[in-house]
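**Student:** give me coordinates for this.
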Amino acid sequence: MEEQANIEVGKKIRALRKIRGISLQQMSSQTGMSYSYLSGLENGKHSVSITNLQRIAAFFEVDMVYFLQPMGQVPRVIRMKDLFHDSSTFDDLFYRVVTPADSGFLQASYVYMPPHSPEERRIHKHKQGQEMILTLSGCICVYVEEERYLLRSGDSIVFEANVEHLICTEEQPATFVIVSSPPYG
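**Tutor:** Below you'll find the model as predicted:
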C-alpha cells in the first residue's frame with residue numbers, strides 16, 4: 001500500500017513538472033534536492049518524507065494534500081469516427097453521453113438531430129442544476145419556458161434546468177453538445 005501511494009506522489013510530481021515545463025535539473029537546483037532522488041521519487045523508487053513533500057508542495061505552490069489524494073480519472077478520448085458507435089438512437093436522433101458514467105459533477109452529451117426533429121416534442125425539466133448547449137453545426141431551436149432561442153453554429157445558451165425546456169430542429173440538421181450539472185442520466 002505504501003509503495004502505491006509513493007508511486008502516485010511521484011506521478012503527480014512528474015505531471016506538475018511536465019505541464020509547467022520544468023526539467024528535473026531545474027527542480028533539483030531550485031529545491032536543493034538531488035536529481036537522482038527526485039528521479040527515483042517520480043519513478044516510485046524512493047519514498048518521500050513529510051519535510052520533502054512540504055518543500056515540493058512549496059516549489060509547485062500547491063497544498064501538500066494534493067499529493068496525498070488519489071489520482072484522478074484517466075482522460076477519456078472519443079474520436080469523431082467512433083462517436084455514434086454504441087449511442088442511443090430514437091427518431092433518427094443520435095445521442096451519445098461522452099462523460100464517464102461515474103462523473104459526479106457534470107454530464108456532456110454529443111447530439112445529432114435531423115431536420116424537423118424530434119417528431120414528437122419532448123418538453124422536459126430536471127429537479128435541479130443548469131444546462132449549457134453549444135451548437136456545433138446547423139441550427140437548433142431551444143425553448144426555455146415561453147421564450148424561443150435560435151442557435152446557429154458556434155452559438156450557445158445556459159439556463160436553469162428546473163424550468164420546462166425543449167430542443168428541436170426546423171429546416172436544417174444540427175449537431176450540438178449538451179452539458180448538464182449535475183448529471184441527469
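
**Student:** show me what contacts Phe176?
**Tutor:** By C-beta atoms under 8 Å, 6 or more residues apart in numbering, the contact list for Phe176 reads 110-111, 113, 133-136, 138, 140, 151, 167. Quick note: C-beta positions are derived from backbone N, CA and C, even for glycine.

**Student:** let's have those in CSV, adding distance to His124, pLDDT and neighbour count.
**Tutor:** Converted to CSV, those look like this (distance: C-beta to C-beta, whole Å; pLDDT from 0 to 100; neighbours: other C-beta atoms under 10 Å):
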residue, distance to His124, pLDDT, neighbour count
Tyr110, 19, 89, 19
Val111, 14, 90, 20
Met113, 15, 90, 22
Ile133, 13, 94, 22
Leu134, 19, 95, 17
Thr135, 19, 95, 20
Leu136, 22, 94, 13
Gly138, 21, 95, 20
Ile140, 15, 95, 25
Leu151, 18, 96, 19
Ile167, 9, 92, 26
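
**Student:** what average pLDDT does the strand or helix carrying Leu38 get?
**Tutor:** Taking DSSP states H and E as the definition, Leu38 sits inside helix 35-42. What helix 35-42 shows for mean pLDDT is 94.

**Student:** convert that helix to CSV, retaining C-alpha atoms only.
**Tutor:** In CSV, the C-alpha atoms belonging to helix 35-42 read as follows (Å, rounded to 0.1, in the frame of the first residue of the first chain):
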residue,chain,number,x,y,z
TYR,A,35,18.5,15.0,-9.2
SER,A,36,18.7,11.2,-8.6
TYR,A,37,16.4,11.4,-5.5
LEU,A,38,13.8,13.4,-7.5
SER,A,39,14.1,11.0,-10.4
GLY,A,40,13.7,8.0,-8.1
LEU,A,41,10.8,9.6,-6.4
GLU,A,42,9.0,10.2,-9.7
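
**Student:** buried residues of that helix, list them for me.
**Tutor:** Of the residues in helix 35-42, 38-39, 41-42 count as buried by neighbour count, 16 or more other C-beta atoms under 10 Å.

**Student:** so after it, what's the next helix or strand?
**Tutor:** Using DSSP H and E, the first helix or strand after helix 35-42 is helix 50-60.

**Student:** for the record, mean pLDDT for that next one?
**Tutor:** For helix 50-60, the mean pLDDT works out to 93.
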